[in-house]
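Asks: quick one, what's the 3D model for this:
(4 chains)
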Protein chains: 2
Amino acid sequence: MKRVTQSDIAKVLNISRTTVARALNNTGPIDEETRKRVLEVANKLGYKVNPIAKSLAMKRTLYIYAFLIESYNTFYFNDLIYGMKEAEKEFKDFGVQLKVIGLDSEKPELHAKIIDETIKNNRVDGLILMTMNLKETQEMILRFSASGIPIATVDLDIRDSSRSFWVGPDYYKTGRIACELFSKLLNGEGKILTFTSSFNYPSVKDRLKGFLDKASEYKDIEIVGPYFDNYNLNTFYSKTIELLSSIKNVKAIYSTCGTEYIVRAIKDMNLDKKLIIIGNDLTEETKRYLKEDYIQAIIYQRPKEQGYKVAKYMYDFIFNNNLPADRYVYVNSEILIKENVDLV
Amino acid sequence: MKRVTQSDIAKVLNISRTTVARALNNTGPIDEETRKRVLEVANKLGYKVNPIAKSLAMKRTLYIYAFLIESYNTFYFNDLIYGMKEAEKEFKDFGVQLKVIGLDSEKPELHAKIIDETIKNNRVDGLILMTMNLKETQEMILRFSASGIPIATVDLDIRDSSRSFWVGPDYYKTGRIACELFSKLLNGEGKILTFTSSFNYPSVKDRLKGFLDKASEYKDIEIVGPYFDNYNLNTFYSKTIELLSSIKNVKAIYSTCGTEYIVRAIKDMNLDKKLIIIGNDLTEETKRYLKEDYIQAIIYQRPKEQGYKVAKYMYDFIFNNNLPADRYVYVNSEILIKENVDLV
DNA sequence: TTGAAAGCGATACCAC
DNA sequence: GTGGTATCGCTTTCAA
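Replies: Next up is the predicted model:
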C-alpha cells in the first residue's frame, strides 16, 4: 500500500507538483477550477499529507500560545502546564513551540486585552485558552478564528464562540463518582452536609448536579443543604462550625469546591467522631488532609492529561488539519486515596 | 538555537557528510580514527539526530513484533493490543509497523519456539514480549539481544535476561490499594477472608504481599487465610462455600485473582447480608458483578496504557536510541466503581 | 496563474 | 575507507 503523494496527483492531472501543493494548502494564487480538480483527485486517490516531509520542508517554527488562569490551586495550574510541555517535547522535532502565559484570576476583565496584545505582536499559529466566558472573550475568539487561528479551550469552556474544540473534565461525572463513594463509605445510609459556591462556574454547578442526581438513587442517604458560600470560600469555615453545632447526626460532608476551608473548621473543632469527607480538588492542603485521614478520597481531574491532550490535539489540528472526533474531549477523573495519591 | 546537523560536523572536520553518517550510525567500513573524531565533534557540538529527516530518508518499514499470552481475560489482552495500536498510529508516518501474535497460555513451553521461528523468518526490528519466565525464553532473549534486536517486556517481566526495559503494573501497590479501600469500606474493622493462587506469578505474589503489608497497619482488620487454590482457580468456588459456612462474621473477601469464582459461589449461596468484595482484574464477568453490587471496586491495571507505553518506548528506542529513564516503567492502577467503570 | 528548482536532514547506493 | 549523488515528500522562493 504505497502512500499517495502530491506528485501522484500532479501526474494524474498533468500539472506541476507546485500547483498541487498550492491547491492543497490554499496558499498563493491559483485558478479556482484547477484547485477544485486537484482537491477532487486528492480525495479520490486518498491523499494524506505526510507530516514528516511537511515539517522537514517547512523550516519555520510553529508557535502555540496557551493562556491559563493562574488559579489558587498551583498544583492544578502547574500540572496543566506540565502536560502541555510533555506534548511539546513530542513535537519539538516538528518545529512546534509552546508559550504559556498566566492570567490573573482576580482580573478576568483584563484577559481579553492581554491575549489580544500578544496575538497582535507575535506570530501565533494556535491558541489554547483557559479563561472566563465573558463577552469580550467570546468576541475576541470570533475575531481570531475568523482570521484563521485555531483556538481550543481547556477546562473552562467558552461556548457560543467559534473555538475549535474543548478538553476538560466531566464535572457532572465527578459529582456522581463522589456520591457513589460516599454511599459506599457510609454503607448506604447517613446524612451528608452539602456545600457549594455561589459562583456560576460549571465546575461547581455540574458537580453539584451530578452529586444530587446520584444521591437521589440512594433512599437512605439524606442530603442536607446545599449551603452556599458568600461569594468567598472563606465563609465555608464559619458555616461549617455553625452547621455542625446545630444539625445532629451528620455523617459526612461534601463540598463542590474549597473542601480545605471545611476541613480547617473541623480540625479546629476537635470532633471526637470522624466525619467522612470527599474532596474534588487536589491541592497541597487537601493532599495533606488526605494523608492525615481528614479527607477520605479526592476525585482528581488529571490536569496533566488535560494539558497533554489539548496541546497534542492542537498540534494535530494546525499541522494535519485533524480535529478530535468529538469537539468535547472529556478527560476521566480518578479516585485518589492515601495509597495512590503520591502516584499522580 | 540552530540545530546541529551532520553537515556541520563534516564541515568542522573537513570530510564528507557521508563519512559522518557512517561514523554516527556505525554502518559500513570506516577508519577507527575518523570515527572517533566524528563522535567527538558530534558530542562537542551537541549533535542530535533529527528523527524526522531520518525517517524520511530511511525508506524501509520498521517492524515491531509483540508476542502476548492470550489470557482468559480477553478484556486485558484486547486492551493491551488496543494501546499498542494507538502508539502504532502515532508512528505510522515514521514507517513503523506493529505485528501482534498471540501465545497460548496453556502451552508456555512452546512460546520460545514460536518466537524463534518468527524472528528467523521475518525482518524484525523490535520485540515486545509478555510470556513466562522460562529458561528457554531467557536464553532466546539473550541470543536475540546479542544480535542487536531491542527487546522489551510488558506486564510479565523476564528478569535475568537482557531485555532492554519492562512496562507493567505495580502489583504490590495494587494489593495495598485494595487493602486501604477495604479498610475504608469496613470503617476500619472486620474480618477479611483472603484467597490467592498457588502459582508463583508476581501478579498474585506481589498483590498478596502488598495487601498483607497494608493490612498489618490496621489493628482492627483481621485477615483470615490466605487460602490457596489447588492450581486451578475453579477450586475457589467450593472453598468459598466451605469457608463461609464454617467461619463466623466474615465481612469481606479479597482474592489476588479469580474473584469471579468467589462471586459465583456467593451468588449461589444467596446470603442475606452483603459481603464487601474488591477485585483486581476487570473482565466481562467482574464488570457485571461490579454493576450488580456484588463487587464494590476493582483495582484496574490500565492495560491500554501499558500497551501504549511499551510500544511508544520501543519506537523511541529503535528509532532514537532512547531508553526510558527507568528500566522499570510502572503504570499506575486505578480504582473503579460503578460510576466510572464504563469510562475506561 | 503556473512551473522549475532549491532545500530541509538524513540514508543508501555506487564509484573511486 | 571515502566521497558524490539520488532520494524521501513537501514548502518556498523566483521566473516565466
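Asks: so how far is DNA strand C from A:A252?
Replies: Here the distance between A:A252 and DNA strand C works out to 59 Å (Cβ to the nearest atom of the strand, to the nearest Å). C-beta coordinates here come from the backbone N, C-alpha and C atoms, glycine included.
Asks: by mean pLDDT, which helix or strand of chain A comes out lowest?
Replies: Within chain A, no helix or strand scores below helix A:135-146, which has a mean of 87 by mean pLDDT, DSSP states H and E.
Asks: with just CA atoms, put it into CSV.
Replies: Output in CSV follows, covering the C-alpha atoms of helix A:135-146 (Å, rounded to 0.1, in the frame of the first residue of the first chain):
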residue,chain,number,x,y,z
LYS,A,135,-18.5,38.7,26.2
GLU,A,136,-15.2,40.4,25.2
THR,A,137,-13.5,37.0,25.2
GLN,A,138,-16.1,35.4,23.0
GLU,A,139,-15.8,38.3,20.7
MET,A,140,-12.1,38.1,20.6
ILE,A,141,-12.2,34.4,19.8
LEU,A,142,-14.7,35.0,17.0
ARG,A,143,-12.3,37.6,15.6
PHE,A,144,-9.2,35.5,15.7
SER,A,145,-10.7,32.3,14.5
ALA,A,146,-12.2,34.2,11.5
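Asks: find out how far the very next helix or strand once past that helix is from the centre of the chain, if you would.
Replies: Where DSSP states H and E defines the elements, the next helix or strand beyond helix A:135-146 is strand A:151-154. Taking Cα atoms, centre = their mean, to the nearest Å, the mean C-alpha location of strand A:151-154 is offset from the chain mean by 8 Å.
Asks: again with stretch A:79-96
Replies: Offset of stretch A:79-96 from its chain centre (Cα atoms, centre = their mean): 16 Å.
Asks: and it, does that touch chain B?
Replies: Yes - for stretch A:79-96 and chain B, the contact criterion (Cβ under 8 Å from any Cβ of the partner chain) is met by A:93-94.
Asks: for the least confident helix or strand of chain A, which residues meet the burial criterion?
Replies: Of all the residues in helix A:135-146, those buried under the rule 16 or more other Cβ atoms under 10 Å in any protein chain shown are A:136-138, A:140-141, A:144-145.
Asks: check stretch A:151-166 too.
Replies: Buried residues in stretch A:151-166, defined by neighbour count with 16+ other Cβ under 10 Å: A:151-158, A:161, A:163-166.
Asks: list the contacts of that stretch.
Replies: In this structure, residues lying in contact with stretch A:151-166 by Cβ atoms under 8 Å, 6 or more residues apart in numbering or on different chains are A:66, A:68-69, A:80, A:126-133, A:137-138, A:141-142, A:144-146, A:150, A:167-169, A:201-202, A:303, A:306-307, A:310, A:313-314, A:317, A:323-324, A:327-329.
Asks: who are the contact partners of A:T235?
Replies: Shown here is A:T235, whose contacts under the criterion Cβ under 8 Å, 6+ apart are A:D229.
Asks: list phi and psi for it.
Replies: In terms of degrees, to the nearest 10, the main-chain angles of A:T235 are phi -70, psi -10.
Asks: how far away is it from DNA strand C?
Replies: If you go by Cβ to the nearest atom of the strand, the gap between A:T235 and DNA strand C works out to 58 Å.
Asks: A:F228 contacts A:T194, doesn't it?
Replies: No - contact status for A:F228 versus A:T194: not in contact, 10.2 Å apart, counting by Cβ atoms under 8 Å.
Asks: those two: which is more packed in?
Replies: Each of A:F228 and A:T194 had its neighbours counted (other Cβ atoms under 10 Å in any protein chain shown), and the higher figure belongs to A:T194 (20 against 15).
Asks: what's the separation between the more buried one and DNA strand C?
Replies: A:T194 sits 59 Å away from DNA strand C, going by Cβ to the nearest atom of the strand.
Asks: partners of that residue in the sheet?
Replies: With DSSP bridges as the criterion, the beta-bridge partners of A:T194 are A:Y254.
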